[in-house]
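**Student:** got a sequence here, can you build the structure:
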Amino acid sequence: MKIKPLQIAGLTIENPFILAPLAGYTDLPFRLLCREYGAGLVFSEMISCHGLLYDQQRTWDMTQSIPLERPIAMQLFGSEPDIMGKAAAMLSRLPIDCIDINMGCPVKKVTKKGAGAALMKSPALAAKIIRQVCANTTKPVTVKFRSGWTHQSINAPEFARMAEESGASAVTIHARTWSDGFSGPVDWEVIAQSKAKINIALIGNGDINSYGQGLAMMRQTGCDGVMIGRGCLGRPWVFDPAEPPDTPQLRLTALKRHLDLIDQFCQPQWALGKIRNHAGKYFKAMRHGAEIRNRIYQAETFAGLRQLVHSLPDGLLAEKPEEQGKQQADEY
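**Tutor:** Alright, predicted model coming up:
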């Protein structure tokens with residue numbers, strides 16, 4: 001299948017395989033790593049509009065970026081049009097390429113405030129938010145949402161059309177409902193139906209664990225790009241069109257590079273818990289993987305964690321062939 005660049009307004013994405021916004025994961029080092037492995041566009045973690053307006057340092061830290069990772073999209077979440085518009089204006093002063101609006105997060109602490117996937121129940125309010133964000137930025141605006149709130153209220157095709165009419169330059173559809181959370185089958189037909197309703201780019205999302213699976217989604221649904229979330233954790237090479245074999249050495253090389261980037265751009269001792277979580281994912285479905293993860297989780301310093309990773313003997317990493325299928329089913 002010949003891949004076409006993804007066009008989002010004036011922004012051209014050469015490889016239409018995109019890193020999803022993942023809370024707790026898609027910080028600067030991981031975004032850079034995924035770009036090195038081929039991701040055409042990377043997304044920040046979701047950023048609170050209130051955190052920006054209240055000038056919270058922790059929120060601004062999430063906007064850390066460098067030119068090497070561009071193109072970069074920053075994702076905003078909130079439920080108040082005026083505040084979302086003001087936050088978009090603040091983000092627009094940064095060297096970024098796109099602003100995304102989160103209308104798909106199913107987490108209760110987000111939806112109970114009327115944000116994230118809760119906005120799929122209020123299309124009129126969602127339209128106001130999109131219009132306000134578009135009015136306060138010159139950057140392309142995209143919207144990420146789900147199939148619907150429940151299986152009895154699938155409204156992604158209509159929601160996609162509303163987003164386009166409100167000014168969005170592209171949409172991303174995670175083809176599950178809010179009620180599905182992060183489990184259950186992904187409905188590719190909803191992606192195809194939504195694509196038929198709009199003229200802007202549509203990015204498909206949900207349970208893509210390899211480049212080949214992404215190509216299949218594009219063929220079957222007509223979507224213009226593919227967004228990969230949990231499927232790239234511990235496996236950032238899924239963005240590589242060459243589809244390198246998933247070997248223990250590939251995993252170890254990727255993790256070492258990841259730790260190098262963390263050391264370069266973060267204060268790793270302050271985020272050791274998050275780093276251990278990231279590092280542990282590289283050893284899923286591997287020989288002695290549980291043992292290695294336990295040792296990683298017990299590391300008390302970043303230096304100790306790096307030393308552990310660099311000292312792993314080759315024999316310890318020999319993969320169990322019988323666990324290949326188990327990784328796909330259980331982990332993603």
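**Student:** next one: residue 6 from residue 153, what distance?
**Tutor:** Separation of residue 6 from residue 153 (CB to CB, to the nearest Å) stands at 29 Å. Bear in mind the C-beta positions are built from the backbone N, C-alpha and C, glycine included.
**Student:** what's the burial count for residue 185?
**Tutor:** 10 (other CB atoms under 10 Å).
**Student:** am I right that it is in a strand?
**Tutor:** No: using DSSP: H, G, I helix; E, B strand; the rest coil, the assignment for residue 185 is coil, not a strand.
**Student:** straight-line length of stretch 89-105, end to end?
**Tutor:** Terminal residues of stretch 89-105 are spaced 22 Å apart (CA to CA, to the nearest Å).
**Student:** in it, which residues are buried?
**Tutor:** Buried positions in stretch 89-105, judged by neighbour count with 16 or more other CB atoms under 10 Å: 89-91, 96-105.
**Student:** likewise for stretch 258-270?
**Tutor:** In stretch 258-270, counting by 16+ other CB under 10 Å, buried: 258-259, 261-262, 265-266, 268.
**Student:** what residues does that stretch touch?
**Tutor:** 27-30, 32-33, 64, 66, 236, 275, 278-279, 301-302, 305-306, 309 (CB atoms under 8 Å, 6 or more residues apart in numbering).
**Student:** now list the buried members of these.
**Tutor:** 27-30, 32-33, 236, 275, 278-279, 302, 305-306, 309.
**Student:** closest to residue 121 among those?
**Tutor:** Nearest to residue 121 among these: residue 27, at 30.8 Å, using CB to CB.
**Student:** what sits opposite residue 72 in the beta ladder?
**Tutor:** residue 42 (DSSP bridges).
**Student:** narrow the buried residues of stretch 89-105 to those in strands?
**Tutor:** 98-103 (DSSP state E).
**Student:** setting aside sequence neighbours, what's the nearest residue to residue 293?
**Tutor:** residue 280 (4.2 Å; CB to CB, 6 or more residues apart in numbering).
**Student:** surely the one you found touches residue 297?
**Tutor:** Yes: between residue 280 and residue 297 there is a contact under CB atoms under 8 Å: 6.5 Å.
**Student:** okay, those two: which has more neighbours?
**Tutor:** residue 280 (20 against 13).
**Student:** tell me which element the more buried one falls in.
**Tutor:** If you go by DSSP states H and E, residue 280 is part of helix 272-280.
**Student:** the closest residue to residue 166 other than its chain neighbours sits in which helix or strand?
**Tutor:** The spatial neighbour of residue 166 that comes closest, neighbours along the chain excluded (CB to CB, 6+ apart), is residue 130 at 3.9 Å. Using DSSP H and E, residue 130 sits in helix 123-135.
**Student:** that helix: how far from the chain's middle?
**Tutor:** Mean-position distance between helix 123-135 and its chain equals 22 Å (CA atoms, centre = their mean, to the nearest Å).
**Student:** quick one: mean pLDDT for whichever helix or strand comes after that helix?
**Tutor:** Note on helix 123-135: by DSSP H and E, the next helix or strand toward the C-terminus is strand 141-148. For strand 141-148, mean pLDDT rounds to 97.
**Student:** just how off-centre is the lengthiest helix in the chain within its chain?
**Tutor:** Identified as the longest helix of the chain according to DSSP state H is helix 248-265. Relative to its chain's centre, helix 248-265 lies at 19 Å (CA atoms, centre = their mean).
**Student:** that helix to helix 272-280, inter-axis angle?
**Tutor:** Put simply, helix 248-265 runs at 160 degrees to helix 272-280, going by axes from the mean of the first three to the mean of the last three CA atoms, to 10 degrees.
**Student:** nothing else from me, thank you.
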